[in-house]
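Peer 1: got a structure for you, letters missing:
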């Protein structure tokens with residue numbers, strides 16, 4: 001069965017994002033339900049991005065990318081250490097299950113506006129053997145004023 005799931009995942013990647021769900025096995029969650037994102041301001045210069053990861057799913061540590069909505073990379077992004085996992089797709093990798101919180105430092109210019117949108121890219125897999133294409137999500141965060 002895992003071989004069939006891996007084949008389905010490869011076909012989905014080859015078919016592109018619009019057709020990827022056609023090959024998803026029964027019971028597999030949509031990526032935004034498997035990896036639920038939220039963000040909140042910790043103070044006027046720091047934001048916490050949180051992923052709640054559904055049971056039976058995991059995210060790869062080295063697949064996170066966080067930028068401004070316009071695509072400008074953020075200089076200080078603190079991603080905690082994950083648990084070492086070995087899977088058939090990427091070999092040995094650090095992964096997260098259940099919950100991960102990422103701390104992001106906000107520029108003075110973004111902080112002065114009082115709000116910002118972050119473009120967060122992540123990638124993960126299901127224990128059933130299906131890996132998702134990279135998922136890009138936009139989250140808006142209100143920042144407290146001094």
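Peer 2: Thanks, I have the structure now. This is a predicted model, so every value here is computed, not measured.
Peer 1: element containing residue 32?
Peer 2: Using DSSP states H and E, residue 32 sits in helix 31-34.
Peer 1: Quick check: the gap between the residue most central in space within the chain and residue 26.
Peer 2: Against the mean C-alpha coordinate of the chain, by Cα atoms, centre = their mean, the closest residue is residue 122 at 2.8 Å. Remark: distance between residue 122 and residue 26 (Cβ to Cβ, to the nearest Å) = 24 Å. Glycine gets a C-beta too; all of them are placed from N, C-alpha and C.
Peer 1: what's the answer for residue 61, then?
Peer 2: Taking Cβ to Cβ as the measure, residue 61 falls 29 Å from residue 26.
Peer 1: The two: which has the busier surroundings?
Peer 2: Counted by other Cβ atoms under 10 Å, residue 61 and residue 26 do not tie: residue 61 has more neighbours, with 20 against 5.
Peer 1: By mean pLDDT, which helix or strand of this protein comes out lowest?
Peer 2: Sorting the helices and strands of the chain by mean pLDDT, DSSP states H and E puts helix 17-20 at the bottom, at a mean of 38.
Peer 1: Tell me how many other residues surround residue 111.
Peer 2: Counted with other Cβ under 10 Å, residue 111 comes out at 21.
Peer 1: repeat for residue 95
Peer 2: Look at residue 95: counted by other Cβ under 10 Å, it has 22 neighbours.
Peer 1: Just list whatever residues bridge to it.
Peer 2: residue 60, residue 83 (DSSP bridges).
Peer 1: can you check residue 101 too?
Peer 2: Taking DSSP bridges, one finds residue 50 as the beta-bridge partners of residue 101.
Peer 1: For it, give its distance to residue 112.
Peer 2: In this view, residue 101 and residue 112 are 25 Å apart by Cβ to Cβ.
Peer 1: Kindly report the same for residue 140.
Peer 2: 16 Å.
Peer 1: do the same with residue 136
Peer 2: 26 Å.
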